[in-house]
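**Q** what shape does this take:
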Amino acid sequence: MVAQADSGARAPRGLPGKLLWGVALAWSLFQLWYASPLPFTLNFGVFNDTQARSIHLGFAIFLAYTAFPALKSSPRFYIPIQDWVLGLVGAFCASYLVIFHAELADRAGAPNRLDLVVAVSGMLILLEATRRALGPPLMVVATIFLIYTFGGPYMPDVIAHKGASLSKAMSHQWLSSEGVFGVALGVSTSFVFLFVLFGSLLDKAGAGNYFTQVAFSLLGHMKGGPAKAAVVSSGLSGLVSGSSIANVVTTGTFTIPLMKRVGFPGQKAGAVEVAASTNGQLTPPIMGAAAFLMVEYVGVSYIEVIKHAILPALISYVALIYIVHLEALKAGMKGLERPYKPTLAESLLTWSMVISGVCILSLAIYYGMGWSKEVLGDGTYALIGIVMLAAYLALIRYAAQYPELHMDDPNAAIVKLPEVGPTVKSGLYFLLPVVVLVWCLTVERLSPGLSAFWATVFMTAVVVTHKPLKSMFRGDHHWKDSGAVGIHDLLDGLVSGARNMIGIGVATAAAGIVVGTVTLTGIGLVMTEFVEFISGGNVMLMLLFTAIISLVLGMGLPTTANYIVVSTLMAPVIVTLGAEHGLLVPLIAVHLFVFYFGILADDTPPVGLAAYAAAAIARSDPIKTGIQGFTYDIRTAVLPFMFIFNTELLLIGVEGPFHLLMTVLSATGAMLIFAAATQGYWLVKSRWYETAVLLLVAFSMFRPGFWWDEVYPPLETKLAVQIEEIAGTLPENRSLRLAVAGDTIDGNYVKKIVELELGAAGDGAQRLQEVGLMLSVGDEKVMVDMVGFDSAAQKAGIDFGWEILAIETQAERPPKQLVYIPVLILLAGLAAMQLRRRKTA
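**A** This is a model prediction of the structure:
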């Protein structure tokens with residue numbers, strides 16, 4: 001199942017099999033070389049972005065034809081001659097930009113006959129490679145966009161355009177960086193491969209089984225414990241996984257049978273795994289590789305993406321664990337018996353020691369390394385290396401004192417709960433490569449690609465050495481045999497990482513066709529007009545239609561391609577229409593909104609591929625499993641609507657530790673209450689009116705500003721002629737909110753709201769010029785005389801000749817969090833009612 005879903009079902013024997021294995025290994029080695037500092041240090045083998053993308057796609061296409069059969073009836077144990085030919089031709093077409101790099105540079109924009117033959121052949125071969133590796137959905141989407149490119153004049157008036165010639169379209173899509181070889185494939189080349197490889201090596205070392213067993217040992221004694229363990233282990237796996245489907249088939253083979261054996265029906269067991277695996281794609285730091293795409297598309301740093309995405313992801317997981325708990329309560333399930341049951345005091349002491357130990361260690365590392373940098377300079381990195389090596393050896397020696405973890409037998413009748421202590425201690429060294437990755441990303445602020453490279457280098461050392469070292473510390477004289485096993489695991493991990501990347505490589509290239517079509521035809525404006533037309537200008541309907549379209553577009557697509565398609569088509573819709581109706585949403589919130597609904601397509605019938613994979617393991621109906629999974633994921637679906645209107649959920653505008661604590665607690669509480677409402681069970685089974693009250697409480701805690709705005713208007717409107725005075729009084733780095741109107745380049749009259757962040761305090765007119773606005777202030781009107789090139793005003797869509805209609809400033813009012821007081825009183829009253837009913841039941 002893993003092969004079918006992620007790495008290619010074909011396993012040829014003999015020389016073809018060795019060749020396939022060698023090509024995959026060569027791809028991994030190339031990517032490690034490209035990501036490393038060595039090419040620049042040695043001044044050898046340096047590739048620019050376009051060349052690296054071409055080689056990357058060449059490997060992906062060749063392996064797509066040799067590793068994935070064309071049809072279900074196609075041979076699995078040998079590669080037909082036509083697949084060799086198509087793979088080689090596809091690799092040549094993809095590598096054309098490298099081989100003829102100098103010639104293409106000399107005739108940029110004027111493709112010759114060979115260029116067009118290569119581009120057309122490459123496009124057709126890429127579409128077939130996409131179908132083989134990922135199934136028909138993405139291939140169909142890309143084909144529709146290609147047809148739209150050429151058939152513009154024949155389309156209905158609402159989506160018609162002037163069309164494009166074959167020469168123009170193929171040059172744009174294949175010979176430039178606007179289409180296939182665009183940003184998406186660049187992110188796959190620079191970042192994604194290394195993270196997928198890192199995850200593959202972790203899995204080969206046994207970390208996946210370790211995380212699963214730890215979650216099982218910690219949570220298995222609770223009501224519905226195995227299902228809670230499934231949520232945690234799938235979440236941990238999803239952190240470094242590039243595919244929710246792959247996550248389902250890897251962790252689900254252990255967790256789904258386990259859930260069934262303790263009383264969960266097949267469809268609910270599959271649905272829990274689907275919901276957990278899908279949410280793994282929404283959780284930093286990887287987010288199915290979409291985090292790195294957001295860096296490029298939104299224009300913010302990687303740390304900012306993690307910061308904004310972390311709270312929604314965490315509260316979504318907490319709520320899923322709570323849903324599992326409610327399901328267990330409804331079914332009367334009990335937890336598994338522990339081998340040793342600690343007292344409450346022992347548990348509290350253990351947890352407090354672990355938490356305090358982690359905090360002390362983190363602070364010591366952070367400040368200790370900061371101090372050593374001042375003293376040792378570049379020698380700090382040698383010190384870090386020595387410290388990490390010593391920590392690794394110490395943890396390996398510690399782990400050698402405990403038995404190896406074995407995979408659970410899903411056919412066993414009795415479920416044995418492993419002991420917490422020995423289970424946790426047997427693999428603590430697996431956390432060190434993750435520490436290296438997080439350190440490089442967050443403290444050293446290295447690029448994601450370079451961070452993943454150093455983490456992968458450390459992981460490589462772990463894969464090769466952890467088995468022989470443990471054998472040595474245990475006194476086993478056959479430790480050299482374990483060394484050979486380590487080398488085999490490393491090579492196998494490198495090959496598996498490359499094969500896991502085939503689908504992502506061709507997906508990002510095929511999704512580039514969609515991006516290229518949008519830039520070539522301007523269909524993005526058409527989508528905006530279409531959504532505005534069907535929503536009638538209503539903001540909530542606009543968001544709802546955008547969510548539905550994102551769900552439809554995301555069906556059957558892998559995470560990376562999914563995000564590329566929905567963000568390219570739908571993100572501009574929310575930005576444009578929101579500004580026209582007074583809803584200013586940060587760009588990162590818009591991208592997360594469409595990304596969430598694109599990912600939810602993985603468990604949405606009828607094309608929910610993750611649900612099909614889970615149903616196959618659970619031996620349940622895939623449609624029922626998908627529907628059940630989507631009911632669990634309603635909590636995730638409601639989150640994007642909440643953070644569009646309350647950006648504090650994305651930690652935007654959070655000021656100070658107390659404000660952060662209030663935001664986290666209120667969001668977590670709201671999500672738990674919402675989960676209870678959707679399950680129809682809180683302290684006891686809820687009546688319909690109690691469910692309505694729970695939904696009201698959850699909404700009020702998620703979005704207290706809704707009620708507060710009815711009592712205290714959030715904005716005050718001031719005359720436009722006061723603009724320079726108001727700009728001069730605003731504090732440093734504050735935003736000026738303006739209502740503006742004027743004609744667009746297409747001749748359409750537009751009214752909208754914009755925000756311009758002013759810099760350092762000073763004269764109002766000067767601050768406005770710094771953001772690109774040169775104004776003519778009259779007695780009654782304020783007109784835009786000129787807009788600075790590439791300025792904040794130009795990026796906001798303001799043009800010369802536009803009018804400043806009004807200025808909107810924040811009104812002085814009490815904090816909106818006061819809404820929580822009556823809401824919590826209402827919740828306490830409902831709790832009292834349900835507790836009284838539970839006592840009499």
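**Q** so where's the stretch 301-450 of the chain uncertain?
**A** Residues of the stretch 301-450 of the chain that meet the criterion pLDDT under 70 lie in 339-344, 346-374, 376, 378, 407-415.
**Q** residue contacts, the most centrally placed residue in the chain?
**A** Centroid-nearest residue in the chain: Met287, 2.2 Å away (criterion: C-alpha atoms, centre = their mean). By C-beta atoms under 8 Å, 6 or more residues apart in numbering, the contact set of Met287 is 281, 294, 305, 309, 559, 595. The C-beta positions use only the backbone N, C-alpha and C, and glycine is treated the same way.
**Q** just the buried residues from the residues you listed, in ChimeraX please.
**A** A single ChimeraX command suffices to select whichever of the contacts of Met287 are buried according to 16 or more other C-beta atoms under 10 Å:
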select :281,294,305,309,559,595
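**Q** closest to Met170 out of the contacts of Met287?
**A** Distance to Met170 across the contacts of Met287 (C-beta to C-beta) is lowest for Thr559, with 28.1 Å.
**Q** surely the closest one and Gln281 touch.
**A** Yes. With contact defined as C-beta atoms under 8 Å, Thr559 and Gln281 form a contacting pair (5.0 Å).
**Q** secondary structure element for Ala461?
**A** Assigned by DSSP states H and E, Ala461 belongs to helix 448-473.
**Q** output the contacting helices and strands for that helix.
**A** Helices and strands touching helix 448-473, by 3 or more C-beta pairs under 8 Å, 6 or more residues apart in numbering; DSSP states H and E, are helix 14-35, helix 193-205, helix 290-298, helix 380-399, helix 431-442, helix 479-521.
**Q** same thing but 7 Å
**A** When contacts are defined as 3 or more C-beta pairs under 7 Å, 6 or more residues apart in numbering; DSSP states H and E, helix 448-473 packs onto helix 14-35, helix 193-205, helix 380-399, helix 431-442, helix 479-521.
**Q** can you pull the buried residues of it?
**A** Residues 448-456, 458-473 are the ones in helix 448-473 that count as buried (16+ other C-beta under 10 Å).
**Q** hey, where'd the helices end up in the stretch 601-750 of the chain?
**A** 609-618, 622-632, 634-645, 657-679, 688-702, 704-711, 723-729 (DSSP state H, counting those that start in this stretch).
**Q** can you put the ones you listed in CSV and add mean pLDDT?
**A** Shown next, in CSV, are the helices of the stretch 601-750 of the chain (pLDDT from 0 to 100):
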stretch, mean pLDDT
helix 609-618, 80
helix 622-632, 85
helix 634-645, 88
helix 657-679, 90
helix 688-702, 93
helix 704-711, 89
helix 723-729, 89
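**Q** nearest to Ala507, of those helices?
**A** It is, among the helices of the stretch 601-750 of the chain and with distance given as C-beta to C-beta, helix 609-618, at 12.8 Å.
**Q** next, the angle from that closest one to helix 622-632.
**A** Helix 609-618 runs at 120 degrees relative to helix 622-632, counting by axes from the mean of the first three to the mean of the last three C-alpha atoms, to 10 degrees.
**Q** chain center to helix 609-618, what's the gap?
**A** Distance of helix 609-618 from the chain centroid (C-alpha atoms, centre = their mean, to the nearest Å) equals 21 Å.
**Q** for that helix, packing partners?
**A** In terms of contacts (3+ C-beta pairs under 7 Å, 6+ apart), helix 609-618 is packed against helix 244-261, helix 266-280, helix 622-632.
**Q** dump it to CSV, restricted to CA.
**A** Provided in CSV are the C-alpha atoms of helix 609-618 (Å, rounded to 0.1, in the frame of the first residue of the first chain):
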residue,chain,number,x,y,z
LEU,A,609,-7.8,9.7,-1.4
ALA,A,610,-6.7,9.5,2.2
ALA,A,611,-10.1,8.1,3.2
TYR,A,612,-9.8,5.4,0.5
ALA,A,613,-6.3,4.5,1.9
ALA,A,614,-7.7,4.3,5.5
ALA,A,615,-10.7,2.3,4.4
ALA,A,616,-8.5,-0.3,2.7
ILE,A,617,-6.7,-0.8,6.0
ALA,A,618,-9.8,-0.7,8.2
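**Q** so Ala35 touches Gly449, yeah?
**A** Yes. Here Ala35 reaches Gly449: they are 5.0 Å apart, a contact under C-beta atoms under 7 Å.
**Q** for Gly151, give me its contacts.
**A** Neighbouring residues of Gly151 by C-beta atoms under 7 Å, 6 or more residues apart in numbering: Gly163.
**Q** report the strands that pair with whatever helix or strand Ser776 lives in, each with its relative direction.
**A** Under the criterion of DSSP H and E, Ser776 resides in strand 773-777. Strand 773-777 has its sheet partners listed here by DSSP bridges as strand 782-787 (antiparallel).
**Q** now the helix or strand following the strand it pairs with: buried residues?
**A** Following strand 782-787 in sequence order, the next helix or strand is helix 792-795 (DSSP H and E). The neighbour-count check on helix 792-795 (16+ other C-beta under 10 Å) flags 792-794 as buried.
**Q** what about helix 792-795, average pLDDT?
**A** Averaging pLDDT along helix 792-795 gives 87.
**Q** export it to CSV, keeping only CA atoms.
**A** This file holds the C-alpha atoms of helix 792-795, laid out as CSV (Å, rounded to 0.1, in the frame of the first residue of the first chain):
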residue,chain,number,x,y,z
ALA,A,792,3.5,50.4,-0.6
ALA,A,793,0.8,52.5,-2.2
GLN,A,794,1.3,51.0,-5.7
LYS,A,795,1.3,47.5,-4.2
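**Q** and that helix, how far out from the chain middle?
**A** Relative to its parent chain, helix 792-795 has a centroid offset of 29 Å by C-alpha atoms, centre = their mean.
**Q** following that helix, which helix or strand shows up next?
**A** Criterion used, DSSP H and E; the element after helix 792-795 is strand 803-810.
**Q** per-domain residue ranges of this structure.
**A** Here the domain parsing of the chain from automatic domain parsing is 205-428, 557-711, 715-810.
**Q** most packed of those domains?
**A** domain 557-711 (a mean of 21; mean count of other C-beta atoms under 10 Å).
**Q** could you check how far that one is from the centre of its chain?
**A** The answer for domain 557-711 is 15 Å, by C-alpha atoms, centre = their mean.
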